[in-house]
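> Output the structure for:
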Amino acid sequence: MEGKCIILCAPSGAGKTSITKFLLSQDLGLEFSISACNREKRDNEVDGVDYYFLNTEDFKRRIENEEFVEWEEVYNDSYYGTLKTEINRIWNSGKNVIFDVDVEGGLSLTKHFGEKALAIFIKPPSVEVLEKRLRSRGTEDEEKIQKRLDKAEEELSYSKWFDTIIVNEKLETAQQEVLTIVSSFLRK
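Okay, the predicted model is just below:
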């Protein structure tokens with residue numbers, strides 16, 4: 001059974017994870033698609049819940065075996081992707097898939113799923129606000145923050161390729177806007 005897909009994309013720190021968690025708490029029949037990656041697990045993360053943590057060799061083997069719907073090398077030697085088995089698992093349970101992915105991953109998923117997908121771009125009010133949010137997390141060093149900010153500048157230029165853009169100035173407002181759009185799409 002094939003269902004629908006909700007794709008939430010944003011530069012790191014724009015609020016897509018908070019909005020994703022909010023949507024999952026609503027009664028929409030959504031289930032989170034857990035991405036695979038080859039980065040180190042953070043202290044607060046759980047394998048198979050936050051990500052499927054693979055080593056680089058295993059990730060590359062799965063690419064060769066075409067086990068991903070989409071994958072990319074986000075930063076040098078830093079791989080992220082969506083396993084086909086994950087999508088099938090969710091659809092087979094009778095639910096629709098929700099993705100929390102970066103912009104390039106989102107565009108790949110949109111292309112792959114076509115009419116079955118709703119792609120939403122979450123935009124920060126400004127790059128300055130984004131930087132403030134990234135710094136307030138306290139999870140990354142200066143070099144990683146700078147990398148994320150550089151990437152954000154590029155990612156913001158892709159927003160026009162998404163079905164809809166939501167500016168996350170105030171989280172609660174953005175959550176309600178996204179809920180309205182997603183509910184309408186799922187009812188179609």
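
> my guess is Lys116 meets Ile7, correct?
No - the criterion here is C-beta atoms under 8 Å, and Lys116 misses it with Ile7 at 10.4 Å. (C-beta placed from N, C-alpha, C; glycine too.)

> Which one of the two is surrounded by more residues?
Using other C-beta atoms under 10 Å as the criterion, Lys116 and Ile7 rank with Ile7 on top: 25 against 14.

> and the more buried one, what element?
Ile7 belongs to strand 5-9 when assigned by DSSP states H and E.

> what residues are up against the closest residue to Lys41 other than its chain neighbours?
Spatially, and ignoring its direct neighbours in sequence, Lys41 is nearest to Phe53 (5.1 Å; C-beta to C-beta, 6 or more residues apart in numbering). Residues near Phe53 by C-beta atoms under 8 Å, 6 or more residues apart in numbering: 36-41, 45, 47.

> again, only this time at 10 Å
Phe53 makes contacts with 36-41, 45-47, 59, as judged by C-beta atoms under 10 Å, 6 or more residues apart in numbering.

> now these in a markdown table, with secondary structure?
Converted to a markdown table, these look like this (DSSP: H, G, I helix; E, B strand; the rest coil):
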| residue | secondary structure |
| --- | --- |
| Ala36 | strand |
| Cys37 | strand |
| Asn38 | coil |
| Arg39 | coil |
| Glu40 | coil |
| Lys41 | coil |
| Glu45 | coil |
| Val46 | coil |
| Asp47 | strand |
| Phe59 | helix |
